[in-house]
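> predicted model, plus sequence, below.
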Amino acid sequence: MNEHEPIDILAVETSCDETAAAVIRNGTGIRSNVVLSQMKSHKRFGGVVPEVASRHHAESITQVMEQALEEAGSSFSDLSAVAVTEGPGLVGALLVGVNAAKATAYAKGLPLIGVHHIAGHIQATRLEAEWEYPALALVVSGGHTELVLIKEEGEYELLGQTRDDAVGEAYDKVARTLGLPYPGGPELDKLAKTGAPTVPLPVAWLEDGSYDFSFSGLKSAVMNTLHNARQRGEELAPEDVAASFQQSVITVLTEKAARAAEACGVKQVMVVGGVAANSGLRAAMEEKFKDSSIKLQIPPLHLCTDNAAMIGAAAYINWKKGKFSGMDLNGVPGLPLHR
Amino acid sequence: MKMLAIDTSTHVLGIALADEQKILGEYTTNIKKNHSVRLMPAVESLMKESGVVPEELDAIAVTTGPGSYTGVRIGVTTAKSMAWALNIPLYPVSTLQVFAQNGLGFPGLVSPLIDARRNQVYTAAFSGSTEQNAVTRQMKDQIILLPEWLKVLEQTQEKILFVGEDTGSRQEQIRERLGSRAVFADWMGQTIRPAEIIRVARTAGEARDAHTVVPEYAQLAEAEKNWQKAQSGRSE
Ligand SMILES: [Zn+2]
């Protein structure tokens, strides 16, 4: 391997409702980062419809890949590999990206790299700054709530995860209960800023020392509280409910992240995934690590939500380790992070 | 002129490779196993054994459905990505039309059937007798309840050959309606022969830019149907 030669990877991501492709140089340089969002289409249904998502992906995948190459000013001969999210995600959606990447890699004689979606979210921070190990990642999104310890490059150890709803899922459900438009998470975050956390709601700490999470109880508590108030003929201020819900969620996320960071002696903590865009969570994490020697890193908004740049960043680590995939690569909806 | 054909639109996985003169290689399985995992290794091995490298391909042909949603997407995505990467034209071909090729030469209509659940079928009608080495289309691809389709066919005059998946299990229902006008293909007529995709592409196909080729599902996604129903209900 020639250390000086730039390694450009064409990365593809189709695990949910964004059709995305990017060209990433040496794992950190964004040459292009194309994201075609299907949000408008799914908005009609109040949530992502897997079959509709798969159809959109199949329609636009080659255009998105082409745009990524064009914006990067790259041709196939400049590429060192094709990378793709192999899981987790919606199976039909994953299959489009996986098959597109395999076909492209085969046609151009390029190596193929399968990437774990969460590894991608975590590596998104590499696009912004250097890392120090060991590091801890709080992964928060519509499908995930995980605490991941990274002792060395490319080695992921799952410390804890949600036992029921993902945090983004809980946000969306509570937002729907409050009658907020789709996608509910950002709307709820906005509403919470105008309210006060005056509604008593539970905080799910689980057993002593556990790094797991649970949000379904909190979600039910919000629904019951609203229901009971209505029964009494009272109307709770939705902004106060939002603020109270948000506080309960953020308290447990920041506290568990801080405890894990302390216990594992990490040098840096990052918050990644779509919910890392949440302003309340960003502020609380910044406050928590303000006086700490632990470095806090939260990627900018466009790298928090699903994109292919992060897949290219994660793929570069596989490339360096010589970890390639075969033409039998499959889309795996429940792909474990640690293998 | 070397063309690669791909079909994963039903339980069958089929690939063919041909030059102008002959089939260089053909591969078919009918084992209901993961198309996503098996398609590219099959393409890779067929190409390798035939001594053809990807750059030597001049075109790709693919069945675009109707059929299994996921199956159609795997085939179309693979074919369009290859065609795009190689910068060669892509021929989209109806899965039903390729099925109907199994009835080429039949003196009458050929009706391919693919199961679409709830007693529905994906079907169409083609004329089997032709000088062109390809059946000619008489009725468009559609999803329809089998009894409704038989009513449509009742209005025609000729004998009708049924080809495609599960024609056996529907024989009784079809005979009841069409009597001796109904003829059934034997087991050879129940799977697509991949090289027929290339024949249809060459005789009746249209070379397209890969970006523009999309799966043909013959029906909207369930959620989309319900949404449109709700919309029209609102405007009434
Ligand atoms: Zn994600």
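Sure thing, it's come through. Residues are numbered from 1 along each chain as shown, chains lettered A, B, ... in the order given.
> domains in chain A, by residue range?
The record's domain parsing of chain A by automatic domain parsing lists A:8-123+A:305-321, A:129-298.
> the longest strand in chain B is where?
Across chain B, the strand with the greatest residue count (assigned by DSSP state E) is strand B:136-145.
> next helix or strand past it?
helix B:146-154 (DSSP states H and E).
> centre of the chain to that next one, how far?
Its chain's C-alpha centre and that of helix B:146-154 lie 21 Å apart, by CA atoms, centre = their mean, to the nearest Å.
> and residue A:168, what pLDDT?
The per-residue pLDDT reported for residue A:168 equals 93.
> verify the contact between it and residue A:140 for me.
Yes: Residue A:168 is within contact range of residue A:140, at 6.8 Å (criterion: CB atoms under 8 Å). (C-beta placed from N, C-alpha, C; glycine too.)
> so between these two, which is more surrounded?
residue A:140 (29 against 23; other CB atoms under 10 Å in any protein chain shown).
> let me see the backbone angles for that one.
As for residue A:140, its main-chain torsions (degrees, to the nearest 10) stand at phi -130, psi 120.
> list the beta-bridge partners for it.
residue A:145 (DSSP bridges).
> was I right to think it contacts residue A:270?
No: between residue A:140 and residue A:270 there is no contact under CB under 8 Å: 10.9 Å.
> next, format the domains of chain A as a markdown table and append distance to residue B:161.
As requested, the domains of chain A are exported to a markdown table (distance: least, CB to CB, whole Å):
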| stretch | distance to residue B:161 |
| --- | --- |
| domain A:8-123+A:305-321 | 32 |
| domain A:129-298 | 49 |
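> among those, which is the most enclosed?
Counting by mean count of other CB atoms under 10 Å in any protein chain shown, domain A:8-123+A:305-321 has the highest mean neighbour count of the domains of chain A, with a mean of 23.
> for it, what is the average pLDDT?
So the average pLDDT for domain A:8-123+A:305-321 ends up being 97.
> contacting residues around the residue sitting nearest the centre point of chain B?
Closest to where the C-alpha atoms of chain B average out (CA atoms, centre = their mean) is residue B:95, at 0.9 Å. Neighbouring residues of residue B:95 by CB atoms under 8 Å, 6 or more residues apart in numbering or on different chains: B:7, B:9-10, B:63-67, B:72, B:114, B:122, B:192.
> which pair of these spans the longest distance?
B:7 and B:122 (14.3 Å; CB to CB).
> okay, these two: which has more neighbours?
Neighbours per residue, other CB under 10 Å: of residue B:7 and residue B:122, the larger number sits with residue B:7, 32 against 28.
> surely that one and residue B:196 touch.
No: assessed by CB under 8 Å, residue B:7 is found out of contact with residue B:196, at 9.2 Å.
> where is the longest helix in chain A?
Using DSSP state H, we find that the single longest helix of chain A is helix A:238-264.
> all strands for the chain, in order.
You didn't say which chain, so I picked chain A. Assigned by DSSP E, the strands in chain A fall at A:8-13, A:18-25, A:29-37, A:79-87, A:112-116, A:135-140, A:145-150, A:156-161, A:268-272, A:295-297.
> could you do chain B instead?
B:2-7, B:13-18, B:23-29, B:57-63, B:90-93, B:109-115, B:120-127, B:136-145, B:160-164, B:182-184.
> for these, give me a markdown table that also has mean pLDDT and distance to residue B:201.
Below are the strands of chain B laid out as a markdown table (pLDDT from 0 to 100; distance: least, CB to CB, whole Å):
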| stretch | mean pLDDT | distance to residue B:201 |
| --- | --- | --- |
| strand B:2-7 | 98 | 7 |
| strand B:13-18 | 98 | 10 |
| strand B:23-29 | 97 | 14 |
| strand B:57-63 | 98 | 4 |
| strand B:90-93 | 98 | 4 |
| strand B:109-115 | 96 | 17 |
| strand B:120-127 | 97 | 16 |
| strand B:136-145 | 97 | 15 |
| strand B:160-164 | 95 | 19 |
| strand B:182-184 | 96 | 27 |
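> could I get those strands as a markdown table with distance to chain A?
Conversion of these to a markdown table gives the following (distance: least, CB to the nearest CB, whole Å):
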| stretch | distance to chain A |
| --- | --- |
| strand B:2-7 | 9 |
| strand B:13-18 | 13 |
| strand B:23-29 | 14 |
| strand B:57-63 | 8 |
| strand B:90-93 | 10 |
| strand B:109-115 | 18 |
| strand B:120-127 | 17 |
| strand B:136-145 | 15 |
| strand B:160-164 | 24 |
| strand B:182-184 | 33 |
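> rebuild those as JSON lines, extending it with distance to residue A:250.
Below are the strands of chain B laid out as JSON lines (distance: least, CB to CB, whole Å):
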{"stretch": "strand B:2-7", "distance to residue A:250": "50"}
{"stretch": "strand B:13-18", "distance to residue A:250": "49"}
{"stretch": "strand B:23-29", "distance to residue A:250": "53"}
{"stretch": "strand B:57-63", "distance to residue A:250": "49"}
{"stretch": "strand B:90-93", "distance to residue A:250": "50"}
{"stretch": "strand B:109-115", "distance to residue A:250": "51"}
{"stretch": "strand B:120-127", "distance to residue A:250": "50"}
{"stretch": "strand B:136-145", "distance to residue A:250": "49"}
{"stretch": "strand B:160-164", "distance to residue A:250": "57"}
{"stretch": "strand B:182-184", "distance to residue A:250": "66"}
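> which bits of chain B sit near chain A?
When proximity is defined as CB under 8 Å from any CB of the partner chain, chain B approaches chain A at B:34, B:36-41, B:43-44, B:54, B:69-70, B:73-74, B:76-82, B:84-86, B:210-211, B:214-215, B:217, B:221-224, B:227.
> only the buried subset of the residues you listed, as a ChimeraX command please.
A single ChimeraX command selects the buried members of these (16 or more other CB atoms under 10 Å in any protein chain shown):
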select /B:36,37,38,39,40,43,44,54,69,70,73,74,76,77,78,79,80,81,82,84,85,86,210,211,214,215,217,221,223,224,227
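> OK, contacts around the closest residue to residue B:121 other than its chain neighbours?
Nearest non-adjacent residue to residue B:121, counting by CB to CB, 6 or more residues apart in numbering or on different chains: residue B:113, 4.8 Å away. For residue B:113, the contacting residues are B:121-123, B:146, B:162-167, B:170, by CB under 8 Å, 6+ apart.
> just curious, which of these is nearest to the ion?
residue B:122 (34.9 Å; CB to the ion).
> I'd say that closest one and residue B:97 touch.
No: under the criterion of CB under 8 Å, residue B:122 is not in contact with residue B:97, lying 11.6 Å apart.
> identify the contacts common to those two.
In contact with both residue B:122 and residue B:97: residue B:141, using CB under 8 Å, 6+ apart.
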